[in-house]
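>>> need the 3D shape of this:
(2 chains)
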Amino acid sequence: DAKTTQPPSMDCAEGRAANLPCNHSTISGNEYVYWYRQIHSQGPQYIIHGLKNNETNEMASLIITEDRKSSTLILPHATLRDTAVYYCIVRPSNFGNEKLTFGTGTRLTIIP
Amino acid sequence: GAVVSQHPSWVICKSGTSVKIECRSLDFQATTMFWYRQFPKQSLMLMATSNEGSKATYEQGVEKDKFLINHASLTLSTLTVTSAHPEDSSFYICSARDQGGPSSYEQYFGPGTRLTVT
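Numbers count the residues shown, from 1 in each chain, chains lettered A, B, ... in the order given. I've put the predicted structure just below:
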């Protein structure tokens, strides 16, 4: 049973910020929001994760709403290499429960 | 950073034969590895969880006698597709948990193995 909802596809112009939304309205208090991406014919790549505070790393920023029912992944300056399927995953924080359930994700296409 | 490799990256085999796929954690130890399968234009589906030194745990609907998993060391897990059929053709991806990393429950994914059964 899917716990997240993402748009199936999005386009973004090269050099612009790509904002990818994710709804997780049934998220529990101990669940993190994780983002992975999968470039064609490769394994998934970890991007970022967060619990309730906004997070930023060298790849992206993660904005989580105050009620934690939705989040947005931001790629600040999209390049052609960012074309991929992006997966938003809700995952319990308790150690040992490690299954990652992948939904259908958002296919992001960066347009030159 | 944590690197996971898979071998082979692609393989073609005849129907009825068996194929072994290796998953290695190159710079960390992994007591737990995961095997996923991905059909074209579909998402990743977890097949099984592989634990070093013990039997794998299979997801519902995955035949354990067909997909044999062996996690013999802290850096190697193997998936053997036995008596392969064309419907087993898929992209097989493993991931490994870095038990000693700063976030010891993070999973790192391999590059995947494309299996084609003719």
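
>>> so where do the strands sit in the chain?
No chain was given, so I picked chain A. A:9-13, A:18-23, A:31-38, A:45-50, A:55-56, A:61-64, A:70-75, A:84-92, A:106-111 (DSSP state E).

>>> I was after chain B.
Assigned by DSSP E, chain B shows strands spanning B:4-7, B:10-13, B:19-25, B:32-38, B:45-51, B:57-58, B:67-73, B:76-81, B:90-97, B:107-109, B:113-117.

>>> quick one: strands adjacent to the third one?
Based on DSSP bridges, the strands next to strand B:19-25 in the sheet, each with its direction, are strand B:4-7 (antiparallel), strand B:76-81 (antiparallel).

>>> so which bits of chain B are right by chain A?
B:4, B:6, B:32, B:34, B:36, B:43-46, B:49, B:91, B:93, B:95, B:97, B:104-112, B:114 (C-beta under 8 Å from any C-beta of the partner chain). Every C-beta, even on glycine, is put in place using the N, C-alpha and C of the backbone.

>>> mean neighbour count and distance to B:L26 added to the strands of chain A, as JSON lines?
Shown next, in JSON lines, are the strands of chain A (neighbours: other C-beta atoms under 10 Å in any protein chain shown; distance: least, C-beta to C-beta, whole Å):
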{"stretch": "strand A:9-13", "mean neighbour count": "13", "distance to B:L26": "33"}
{"stretch": "strand A:18-23", "mean neighbour count": "20", "distance to B:L26": "30"}
{"stretch": "strand A:31-38", "mean neighbour count": "21", "distance to B:L26": "20"}
{"stretch": "strand A:45-50", "mean neighbour count": "18", "distance to B:L26": "16"}
{"stretch": "strand A:55-56", "mean neighbour count": "15", "distance to B:L26": "27"}
{"stretch": "strand A:61-64", "mean neighbour count": "19", "distance to B:L26": "28"}
{"stretch": "strand A:70-75", "mean neighbour count": "20", "distance to B:L26": "28"}
{"stretch": "strand A:84-92", "mean neighbour count": "22", "distance to B:L26": "23"}
{"stretch": "strand A:106-111", "mean neighbour count": "18", "distance to B:L26": "29"}
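
>>> could you dump the ones you listed into a markdown table and include mean pLDDT and distance to B:N70?
Output for the strands of chain A, formatted as a markdown table (pLDDT from 0 to 100; distance: least, C-beta to C-beta, whole Å):
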| stretch | mean pLDDT | distance to B:N70 |
| --- | --- | --- |
| strand A:9-13 | 97 | 39 |
| strand A:18-23 | 98 | 36 |
| strand A:31-38 | 93 | 26 |
| strand A:45-50 | 92 | 26 |
| strand A:55-56 | 96 | 37 |
| strand A:61-64 | 98 | 37 |
| strand A:70-75 | 98 | 37 |
| strand A:84-92 | 92 | 27 |
| strand A:106-111 | 98 | 35 |
